[in-house]
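>>> Only the shape, not the letters, is given here:
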């Protein structure tokens, strides 16, 4: 990834956090759409079928079952439960994760303070081996 694409990626993420939604390419700046395509090809973000951001890992652009709320009351969605913890880590904030078990459907709530979840009885399990995540990252 070159410095120009890195700058587009960083600006895209900055705007996501600031706006609470994925930015449009014209909000990011000239060359955003082309940079997004290269970043998608490098697995640095995921685009939808229209070439717009779908996943800005660990953030989800669309509503998911994995809700994150920071201590200051701002909220985002994550792509999975693991990414929900990553949202708080990326923001360097305390907060709350609301998710559910994909096996039984039970609700799982975690409070995270100083980078530590308040529960140690939860397990994160991936059905797809990591080597195959990018075969279909949206499903994974």
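That came through, no problem. Computed from a predicted structure; not experimentally measured.

>>> low pLDDT regions in the chain?
139-140 (pLDDT under 70).

>>> mind redoing it with 90?
1, 80-82, 100-106, 115-140 (pLDDT under 90).

>>> Spit out the contact partners of the residue nearest the centre of the chain.
In the chain, the C-alpha nearest the mean C-alpha coordinate belongs to residue 59, at 1.7 Å (CA atoms, centre = their mean). For residue 59, the contact set (CB atoms under 8 Å, 6 or more residues apart in numbering) comprises 13, 16, 76, 77, 78, 79, 83, 87, 90. Quick note: C-beta positions are derived from backbone N, CA and C, even for glycine.

>>> How much space separates it from residue 112?
Residue 59 sits 16 Å away from residue 112, taking CB to CB, to the nearest Å as the criterion.

>>> Residue 119 now?
Relative to residue 112, and taking CB to CB, residue 119 is found at 10 Å.

>>> Comparing the two, which shows the higher neighbour count?
residue 112 (22 against 11; other CB atoms under 10 Å).

>>> Doesn't the more buried one lie inside a strand?
Yes: assessed by DSSP: H, G, I helix; E, B strand; the rest coil, residue 112 belongs to a strand.

>>> Could I get the phi/psi values of the residue lying closest to it once chain neighbours are set aside?
Residue nearest to residue 112 in three dimensions, not counting chain neighbours: residue 88, with 5.1 Å by CB to CB, 6 or more residues apart in numbering. Torsion angles at residue 88 (phi, psi; degrees, to the nearest 10) stand at phi -60, psi -40.
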